[in-house]
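Asks: got a predicted structure here, sequence first:
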Amino acid sequence: MGLNEMHAEAVAGVVDRVINRYRRDPTCMLQILREVQEACDWVPPEAIDRMQAMLGVPRTKIEGVAGFYSFIYTEPRGKYRVLFSDNITDRMQGNRALMERLCSNLWVERGKVSEDGLVSVGKTACTGLCDQGPGMLVNNYAIAGLNLERIDEIAELIRNKVPLADWPPAYFRIEDNIRRADILLNADFTPGEALLAARARAPSDGLNASNMRSWREGLPSGIGGPGATLDEIKRSGLRGRGGAGFTTGLKWEACRNAQLKAGHQRIVVCNADEGEPGTFKDRVLLSKCPDLVFEGMTVAAYAIGATRGFVYLRGEYRYLLDHLNAVLAHRRRQNLLGKDICGLPGADFDIEIHVGAGAYVCGEESALIESLEGKRGTPRNRPPFPVTNGYLDQPTIVNNVETFAAAALIALRGGEWYAGIGTKQSAGTKILSVSGDCERPGIYEYPFGVSIRQVLADCGATDTQAVQVSGPSGICVAENEFDRIIGFEDIPTAGAFTIFNKSRDMFEVARNYVHFFQHESCGFCTPCRVGTSLLKNLMDKLHYGSGSPYDFAEIEKLNQLLQSMSHCGLGHTACNPVLDTIAKFRPAYDKRMMQQDFTPAFDLDRELSSARQMTGRDDAGAHLETEHGGQS
Amino acid sequence: MSYTFTLDGKVVPFVDGQTIIQAASAAGIFIPHLCYHPEFKPHGSCKLCTVKVNGRHTASCTMRAAPGMVVESETEEINAERRALTQMLFVEGNHFCPSCEKSGNCQLQATAYHLGMMSAHYDHFFPNRAVDASHPEALLDFNRCILCSLCVRASRDVDGKNVFGLSGRGIKTHLIVNAKSGRLADTDFTLADKAAQVCPVGVILKKRQGFAVPIGERKYDKAPISETAETTEGR
Amino acid sequence: MTAKKKLKVATTSLAGCFGCHMSFLDIDERLFTLLEHIEFDRSPLTDIKTCSPDCDIGIIEGGLCNAENVHVLREFRKNCKILIAMGACAINGGLPAQRNHLPLTTILEEVYHTSPGLANGMVPNDPELPLPLNQVHPIHEVVKIDYFMPGCPPSADAIWKVLTDLLAGKEPELGHGLMHYD
């Protein structure tokens, strides 16, 4: 029996255990697949047989879900599944050489499984360790700060088949690297006090009755505590921290006002699917102040009358799961979750954590909801919006981790206080994930309105060429724009702040991002599914020296098409890094535009390679002159 | 209640709940589409039916009509974009019309004719996709799949069988069938299924029927898709 | 009225079946009208083997299957002001491209080594023979193509329409009935 094979009965046993823990609930499909894989190292066909029988769902559905997520394997990938983070910062920190070293140490080809079925080595999108990269995941557990020495040790551990649980704990230590803290990261916060403050805002007359009614029925007009809390959120001017910047109070109010159908409840979802390359602030918020985040969710539940909450945690942060569950358990014991929270009758709310499995698109709120429902993470058609028809068609708010943390503080200290921080249009603070070419990468919390130049000075960045703000779907800022500020009135951001000094090739930065979007396109709509592949091919064509003005025109046309025809933001923004860098770093492209006239994307001489090999010919006629610069 | 909006300057009536494409079809106006089918819940994935509503692009199969909307459809700009989407579908799969039984009756091909697509423009992907001939009565040629998911919806929503599904992600998204073996023969699929009738291209084919109708007499030989589409209910 | 200088038209078939050329001949007596406006340069119809450097229009049938196809296509692109892809194979590789999902080595193995009945099979390696490409390519992937004439083959009427549109200085357009991919 091979390493990856288990008896069918053993597999069925695993599946039964997992499925029963999830109450035989098909909406937990992704969680079930993930946990089956944790036990079996992959999802064997026998496991799908069993799921089909136990959950009563068709095989097409199970295979469809399993096939969507990068971290779910329906083919054996080895006992040790190593994935190198391949963000541009990992590249800059030398991840490629480390990956080659590991592959050669283990005698395994990149992307393949070793012949003995022990190990596979591949790459994955940004794992959120940019401030301490290069990073990797081993069986979905994060390891940071890789270097040659550690790679050699890891190869040794794998060769000796040492169980992951017995690897040195130091490998798995992830630093918070908080370099500048403000109201959120400095919060002197006792769990429960924001909730008590929210409750205390209720008018004194008929406290319990009004709260019970609005909690349970979600009355449209704010009566008592929930209404007062919502007012504070509105007064604060808080806007979503996930990038889009929708006004939080309006979103909550729309959800609170949405009609509830019989048997339905309102839902609070915390979006911790922090997949934008270069972003890692939610990782730090969840590791340093989970209570603040959970309390913010509970405040939201109180304000809108929700009874069920979810945290959608990206698969790359699997290592945080046990800790977060322990915090939730503790909050239940303190009566900060569960029934009659803080002794308030009818105040019922609880939170469960769902873990993603390697799909950036699930950061889009409607795709996230699909994924929470145990489906493929395809963004929905909108309208209707989640506030009226969200999780299982129920009114749902989806907010970013940082938004909830801020909401907790607002409940505690009031909207007025919060609105006084930051700028007129951008209240409060923003946590930036600073990485790339600087002396002190890490987490920086600033009041809104801070200039790019200030951040660069604080983190010790010198000779800076460009900053990619808010990741590849954000904007690339050049030196002459460093006085621009972080804020909704100028440069909005979800938090990524990736710095490139003058030695960096901005074309290669854009190419890395284009590869990312191509890999993460969900495949639902034609323009994004095919267009991101075409764009990747064009960028590769330029990279290999076959680019001409023709290809530039093609890139422009593709961009137009993706922006106008795509189904969701992924497709709309997929061309941004290319457009920005063409506009601002044109010489990096001109250097690539080696051809005046149209040139094929592939190497014609290489196209004869198989025939040369089969015939043994190498005469002049066995070659084609080619303008192509390199391999493709 | 009955209201109106304008489509390329023409006044189109609609009733509450109708989408733009539904109202347009009822008025006998053709909007190109592939994943939309009047009998199924709109999917909104192929994006061929994209129109401009008050200057903004949107899929007309999922957008509800609203009073006073100004909708543009048959403009050179929008048709150029639709043509590019069609070209993407052609290079993504293996669409060799001369050797395809569906030729002449194929919605993708007829839509490309309608849009004046003279070539596929982009470099071809030439993907390696299988053919499943296991079923005694039907052939599955995945080379031509455009992922419209009509067979998925028909099998699930009408036949109650879930014979088809989509798996994979991004450019690797692909059609699967409901069997451990992955073979159609091992499913409960029959030719009487709705799913056997809805494929707009040449993926799901009835065996021993190929090329039965001579060239010149096939559906889109006789009239262009804009005049034959089932969706122009108003005719 | 001064006699206008006739346009030089070159044609060739790469990895095609000459069906498009046959269809071209099917324009029948309209050829005479055409010849009032054009003269043929390199073409199977004239048996001229190389393009004149000042051709106005080049018409290419067939895709790129081997090294010689590439040389010929490049010669046409170099010598013709306007290049037209004629027929399915030139446009998307056509029937020959249906080998593209198989590795060329596997195909050559099968054809020359492992097929039953082959004695002493070996892959021909005479330098006179052009080597096959790993994949068959449509011609627009290798040189810039100005116009496309779809069909397998394009009908005589479609060919006539495209050529007369071009001669009239119009963007060629094929309406219902003329536009065919098969």
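Replies: Perfect, thanks for sending it.
Asks: do you know the pLDDT at the residue lying closest to B:Phe126 once chain neighbours are set aside?
Replies: Once flanking residues are discounted, B:Phe126 sits nearest to C:Asn100: 4.1 Å by Cβ to Cβ, 6 or more residues apart in numbering or on different chains. Backbone N, C-alpha and C define where each C-beta goes, glycine included. Among the per-residue scores, C:Asn100 shows a pLDDT of 96.
Asks: and C:Asn100, how far from chain A?
Replies: Using Cβ to the nearest Cβ, to the nearest Å, we find C:Asn100 at a distance of 12 Å from chain A.
Asks: low-confidence ranges, chain C, go.
Replies: Applying pLDDT under 70 to chain C flags residues C:1-3.
Asks: helices of that one, residue ranges please.
Replies: For chain C, the helices defined by DSSP state H cover C:19-25, C:30-37, C:67-79, C:88-92, C:104-109, C:156-167.
Asks: in this structure the residue nearest to B:Phe126 contacts C:Gly94, no?
Replies: No: the pair C:Asn100 / C:Gly94 is not scored as a contact, 11.0 Å apart, by Cβ atoms under 8 Å.
Asks: so those two - more neighbours on which side?
Replies: C:Gly94 (24 against 20; other Cβ atoms under 10 Å in any protein chain shown).
Asks: which one is that one nearest to, not counting chain neighbours?
Replies: C:Ala88 (4.3 Å).
Asks: still on that earlier bit, most packed of the helices of chain C?
Replies: Ranked by mean neighbour count, the helices of chain C are led by helix C:88-92 with a mean of 30 (mean count of other Cβ atoms under 10 Å in any protein chain shown).
Asks: so which other helices or strands are in contact with that one?
Replies: strand C:55-61 (3 or more Cβ pairs under 8 Å, 6 or more residues apart in numbering or on different chains; DSSP states H and E).
Asks: strands paired with the strand it packs on, and their directions?
Replies: strand C:7-13 (parallel), strand C:80-86 (parallel) (DSSP bridges).
Asks: tell me what angle it forms with helix C:67-79.
Replies: Here strand C:55-61 runs at an angle of 150 degrees relative to helix C:67-79 (axes from the mean of the first three to the mean of the last three Cα atoms, to 10 degrees).
Asks: quick test: name the residue nearest the centre of chain B.
Replies: Nearest to the geometric centre of chain B sits B:Leu34, at 2.1 Å (Cα atoms, centre = their mean).
Asks: wouldn't that residue be in contact with B:Cys46 here?
Replies: Yes: B:Leu34 is in contact with B:Cys46 according to Cβ under 8 Å; the separation is 4.2 Å.
Asks: what is in contact with the two at once?
Replies: B:Leu89, B:Ile146, B:Cys148 (Cβ atoms under 8 Å, 6 or more residues apart in numbering or on different chains).
Asks: restricted to helices, list those residues.
Replies: Counting by DSSP H, those contribute B:Leu89 to helices.
Asks: in TSV, list the shared contacts of B:Leu34 and B:Cys46 along with pLDDT and distance to A:Thr498.
Replies: Output for the shared contacts of B:Leu34 and B:Cys46, formatted as TSV (pLDDT from 0 to 100; distance: Cβ to Cβ, whole Å):
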residue	pLDDT	distance to A:Thr498
B:Leu89	98	35
B:Ile146	98	37
B:Cys148	98	38
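Asks: who's the spatially most central residue of chain C bridged to?
Replies: Geometric centre of chain C, nearest residue: C:Glu61, 1.5 Å, by Cα atoms, centre = their mean. As for beta bridges, C:Glu61 partners with C:Ser13, C:Met86 under DSSP bridges.
Asks: what is the burial count for A:Glu75?
Replies: 11.
Asks: ok, A:Arg235 next?
Replies: 17.
Asks: my read: it touches A:Glu416, true?
Replies: Yes: under the criterion of Cβ under 8 Å, A:Arg235 makes contact with A:Glu416 at 6.2 Å.
Asks: turn the helices of chain C into a markdown table, including distance to B:Ala195.
Replies: As requested, those are exported to a markdown table (distance: least, Cβ to Cβ, whole Å):
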| stretch | distance to B:Ala195 |
| --- | --- |
| helix C:19-25 | 37 |
| helix C:30-37 | 48 |
| helix C:67-79 | 42 |
| helix C:88-92 | 29 |
| helix C:104-109 | 34 |
| helix C:156-167 | 36 |
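Asks: any idea how far the nearest residue to A:Ala155 once chain neighbours are set aside lies from chain C?
Replies: Spatially, and ignoring its direct neighbours in sequence, A:Ala155 is nearest to A:Asn105 (3.6 Å; Cβ to Cβ, 6+ apart). Taking Cβ to the nearest Cβ as the measure, A:Asn105 falls 30 Å from chain C.
Asks: A:Asn105: what's it in contact with?
Replies: A:Ile151, A:Asp152, A:Ala155, A:Arg159.
Asks: tell me the confidence at it?
Replies: For A:Asn105, pLDDT reads 96.
Asks: check A:Gly630 too.
Replies: 49.
Asks: and for A:Gly343?
Replies: Reading off the model, A:Gly343 has pLDDT 88.
Asks: number of nearby residues for it?
Replies: When neighbours are counted by other Cβ under 10 Å, A:Gly343 comes out with 10.
Asks: okay, and the helix or strand of chain A with the least pLDDT?
Replies: Every helix and strand in chain A was compared by mean pLDDT, DSSP states H and E; the lowest is helix A:207-217, with a mean of 45.
Asks: ok, now how distant is the residue of the stretch 351-500 of chain A found nearest chain B from B:Lys47?
Replies: Closest approach between the stretch 351-500 of chain A and chain B, counting by Cβ to the nearest Cβ: A:Asn381, at 4.4 Å. Distance from A:Asn381 to B:Lys47, counting by Cβ to Cβ, to the nearest Å: 12 Å.
Asks: ok, the two, which is more surrounded?
Replies: Higher neighbour count among A:Asn381 and B:Lys47: B:Lys47, with 28 against 18, using other Cβ under 10 Å.
Asks: pretty sure that one contacts A:Pro527?
Replies: Yes: shown here, B:Lys47 and A:Pro527 form a contact pair, counting by Cβ under 8 Å, at 5.8 Å.
Asks: need the residues touching each of these two.
Replies: Common neighbours of B:Lys47 and A:Pro527 (Cβ under 8 Å, 6+ apart) are A:Met565, A:Ser566, A:His567, B:Leu85.
Asks: for the shared contacts of B:Leu34 and B:Cys46, which one is nearest chain A?
Replies: The closest of these, once distances to chain A are taken by Cβ to the nearest Cβ, is B:Leu89, at 6.2 Å.
Asks: tell me the secondary structure at the residue nearest to A:Ala155.
Replies: Following DSSP: H, G, I helix; E, B strand; the rest coil, A:Asn105 is assigned to helix.
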